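Build the 3D model from these lines:
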Amino acid sequence: MRAFNDFIEEFDLREVHRVGPRFTWTNKQVVPVMSNIDRVLIATDWESRFPLTLLNTLTRLGSDHCPLLLDTRDPKKHQNR
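Now for the predicted structure:
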């Protein structure tokens, strides 16, 4: 764990704020264990290119993980030609 944290610090990564359900994983038992183990880390230069980035937690369908949708909300990709 320390090596992973050192890597995050060395490359100046930060976690993208996520919206949606609080937990991203469950063991799907009668008395479930739930945790937020799925994350997206980005570099500061990437963040400066896509400052409107939003991370959504989607509905879990059949899996024990919720899918994550990373949207850069880049206005250039939505321009009409």
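
for the spatially most central residue of the chain, what are its contacts?
Geometric centre of the chain, nearest residue: residue 40, 3.7 Å, by C-alpha atoms, centre = their mean. Residue 40 is in contact with 15-16, 18, 55, 68, 70, counting by C-beta atoms under 8 Å, 6 or more residues apart in numbering. Any C-beta I mention is one placed from the backbone N, CA and C, and that applies to glycine too.

what do you get for residue 25?
34-38, 64-66.

now residue 67
57-58, 60.

name the element residue 9 belongs to?
helix 2-10 (DSSP states H and E).

which residues touch that helix?
13, 41.

what residues does the following helix or strand past it touch?
Counting by DSSP H and E, the next helix or strand C-terminal to helix 2-10 is strand 13-15. Strand 13-15 is touched from outside by 7, 39-44, 47, with contacts defined as C-beta under 8 Å, 6+ apart.

Among those residues, which ones are in strands?
For those, the ones inside strands are 41-43, with DSSP state E as the criterion.

Buried only: go through the residues you listed for me.
Among those, the ones that count as buried by 16 or more other C-beta atoms under 10 Å are residue 42.

which residues in this structure form helices?
Along the chain, counting by DSSP state H, helices occupy 2-10, 44-49.

Which one of the contacts of residue 67 is nearest to residue 51?
residue 57 (20.8 Å; C-beta to C-beta).

looking at the helices of the chain, which is buried most?
Across those, averaging neighbours per residue (mean count of other C-beta atoms under 10 Å) puts helix 44-49 on top, at a mean of 11.

Show me the contact partners of that helix.
12, 14, 53.

Save those as a markdown table, and put in distance to residue 26, neighbour count and pLDDT too.
Converted to a markdown table, these look like this (distance: C-beta to C-beta, whole Å; neighbours: other C-beta atoms under 10 Å; pLDDT from 0 to 100):
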| residue | distance to residue 26 | neighbour count | pLDDT |
| --- | --- | --- | --- |
| 12 | 32 | 10 | 94 |
| 14 | 26 | 13 | 93 |
| 53 | 26 | 17 | 92 |
